[in-house]
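J.: sequence and predicted structure below; questions after.
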Amino acid sequence: SRLGIENQFGFFPSGSLAWRMDQEDFIKNLNVFSNLKFRLSYGVTGNDQVGPYASMALMSNSHLTYDGSTNTGGVHMNPGTPENPDLKWESTVQYNAGFDMGFFNSRLMATIDLYYKKTSDLLLSKQLPMYSGFTSGISNVGDMENKGFELEITSRNFIEAFKWDTKFSFSMNKNKVLNLGGGTDIYIGTSKPMGNVSEESFSVIREGEPLGSLFGYQYIGVLQTGETYAPQPNSKPGDPKFADISGPNGVPDGKITSADRTIIGRAYPKAVLGLTNTFSYKNFDLTNFWYAALGQDVLNMNNMNLEWNRTTDALDRWTTTNTDTDIPRNGFYYSKYGGYTNTHFIENASFLRMKTLTLGYTLPSKSKYMQSLRVYFMAENLICITKYSGWDPEVDTKAYESGGVGLTANAGAGLDFNSYPSMRSFTFGLNLNF
């Protein structure tokens, strides 16, 4: 029910090859590796994660009032989404090359992987011209690539009565949109910030750029008394100023228009790291897991609302007696120029988090019905080190809105507006082995 009638099935082959290099004499003679394997793999995967009946023309209903004054009206059916009988599987081709290495009788192990993925026939919601009668529709509209590097190191530091194991991981991924079937940008809208304020585009899918490209105006400060800023001739002292960076012809035109919007942040991290330490002594065990994401940005729409008139930050707004500030006199909502999606609310959301800490004690059992009983205590999200001013640098409003799948969750990353932060939780439990 998701794809076109002629595209219900797909063919997704895969294969792999490995060479146990540690079995070769020239490797054995090095006396370095206890394990050495070289791997190559190729595979194709398919994605059909669009809404049910996405390829079909669906109807929607509208509420009508017949007499123009009462709230009791009729309902009529009208076209809701366009038909697309050619809608087909999104496919991803992936190539992998890697090494598995072991040293010191495999007390130290390392895995290195390089990969390249190309996704074709992207399932995206494409904007349609108004004369079509629709605003958008699901189509296969382009290609995208991901390439990256992954490293994992595992060490058995102590192996006697006191045991200590460490696992470290590091990964980097570079994403690029290769084409959109015509080159037209696709915009992702914000959540509606207030009842009388419309949504603005905050993210763009653009050829040559990565997914999660945050999009808006470059904020350059507050207009001061006696200052004239030609691109905003009707602005008053205390109003926000935006950079004139482009125009209809791609060069600055002395005006602040939608053409002055540009990419102002990246929602996905440049690098992700993880560190797990596991300790055990006799019947006690202790495990903690840290991870970090570095280099990503977030559009903090919470601050946009709070800074305007809901927190003490509003006390630092521009006035004739408080001019040394970057907070406009009346926020950004009602500015005649620019918009509220701008660099003033883009923040570095890099973080280091202790995700879990678990302490356990195992009681041996002599019962023939039960082998052991383990009592444990686990704490989650104990520590988060970040410069991000919001509740949680790891939140993602659009992923929540879309159920964590589809275009909005991937391309609309990097928005924090009323997102629920990660909870700090404490758990006591029992594990019974029979």
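T.: Sure thing, it's come through.
J.: what's the burial count for S198?
T.: 11 (other C-beta atoms under 10 Å). Bear in mind the C-beta positions are built from the backbone N, C-alpha and C, glycine included.
J.: tabulate the CA atom coordinates of the one helix or strand N381 maps to in CSV.
T.: According to DSSP states H and E, N381 maps onto strand 372-386. Extracted in CSV, the C-alpha atoms of strand 372-386 (Å, rounded to 0.1, in the frame of the first residue of the first chain):
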residue,chain,number,x,y,z
SER,A,372,22.4,-17.4,40.2
LEU,A,373,20.7,-14.2,41.3
ARG,A,374,22.2,-10.8,40.4
VAL,A,375,21.1,-7.6,42.2
TYR,A,376,21.9,-4.4,40.4
PHE,A,377,21.5,-0.6,40.5
MET,A,378,21.6,1.5,37.3
ALA,A,379,21.7,5.2,36.8
GLU,A,380,21.1,6.8,33.4
ASN,A,381,22.0,10.3,32.2
LEU,A,382,23.9,11.3,35.3
ILE,A,383,26.2,13.9,33.8
CYS,A,384,26.1,16.0,30.6
ILE,A,385,28.9,18.5,29.9
THR,A,386,28.0,21.0,27.2
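J.: that one pairs with which strands?
T.: Under the criterion DSSP bridges, strand 372-386 sits next to strand 351-364 (antiparallel), strand 425-433 (antiparallel) in its sheet.
J.: can you redo the ones you listed as CSV with mean pLDDT and mean neighbour count?
T.: CSV is the format used below for the strands paired with strand 372-386 (pLDDT from 0 to 100; neighbours: other C-beta atoms under 10 Å):
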stretch, mean pLDDT, mean neighbour count
strand 351-364, 95, 16
strand 425-433, 93, 10
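J.: rebuild those as a markdown table, extending it with distance to R39.
T.: Output for the strands paired with strand 372-386, formatted as a markdown table (distance: least, C-beta to C-beta, whole Å):
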| stretch | distance to R39 |
| --- | --- |
| strand 351-364 | 29 |
| strand 425-433 | 35 |
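J.: nearest to L211, of these?
T.: With C-beta to C-beta as the measure, strand 351-364 is the member of those nearest L211 (20.4 Å).
J.: with adjacent residues omitted, what lies nearest to G414?
T.: Of all residues not flanking G414 in the chain, A267 sits nearest, at 2.8 Å (C-beta to C-beta, 6 or more residues apart in numbering).
J.: distance between stretch 46-59 and the chain's centre?
T.: Here stretch 46-59 is found 23 Å from its chain centre; the criterion is C-alpha atoms, centre = their mean, to the nearest Å.
J.: shaky segments in this structure?
T.: Residue ranges of the chain with pLDDT under 70: 63-76, 399-409.
J.: where do the helices of it begin and end?
T.: 25-28, 301-309, 397-401, 406-411 (DSSP state H).
J.: can you tell which of those is closest to S62?
T.: Smallest distance to S62 across the helices of the chain (C-beta to C-beta): 23.1 Å, for helix 397-401.
J.: re the thing from before, which stretch among the strands paired with strand 372-386 comes nearest M370?
T.: strand 425-433 (6.1 Å).
J.: contacts for the closest one next, please.
T.: Applying C-beta atoms under 8 Å, 6 or more residues apart in numbering, the contact partners of strand 425-433 are 360, 370-381.
J.: again, 10 Å this time
T.: 356-358, 360, 362-363, 365, 369-382 (C-beta atoms under 10 Å, 6 or more residues apart in numbering).
J.: gap between the nearest residue to S55 once chain neighbours are set aside and N175?
T.: With sequence-adjacent residues excluded and distances taken as C-beta to C-beta, 6+ apart, S55 is closest to L87, at 4.1 Å. According to C-beta to C-beta, to the nearest Å, L87 stands 24 Å off from N175.
J.: more neighbours, those two?
T.: Neighbour comparison, L87 and N175: the larger count goes to L87, with 24 against 19 (by other C-beta under 10 Å).
J.: the more buried one contacts A57, correct?
T.: No. Contact criterion C-beta atoms under 10 Å: L87 and A57 do not qualify, at 11.9 Å.
J.: need the overlap of contacts for these two.
T.: Contacts common to L87 and A57, judged by C-beta under 10 Å, 6+ apart, are G137.
J.: could you check how far D143 is from V177?
T.: From D143 across to V177, the span is 8 Å (C-beta to C-beta).
J.: neighbour count winner among these two?
T.: A count of neighbours by other C-beta under 10 Å puts V177 above the other of D143 and V177, at 23 against 17.
J.: ok, that one - contacts?
T.: 119, 122, 142-145, 185-186, 204-211, 213, 411.
J.: before we move on, what about P193?
T.: 199-200, 301-302, 304-305, 308, 332-333, 340-341, 417-418.
J.: what's the most distant pair in those residues?
T.: For those, and using C-beta to C-beta, no pair is farther apart than F332 and N418, which are 17.8 Å apart.
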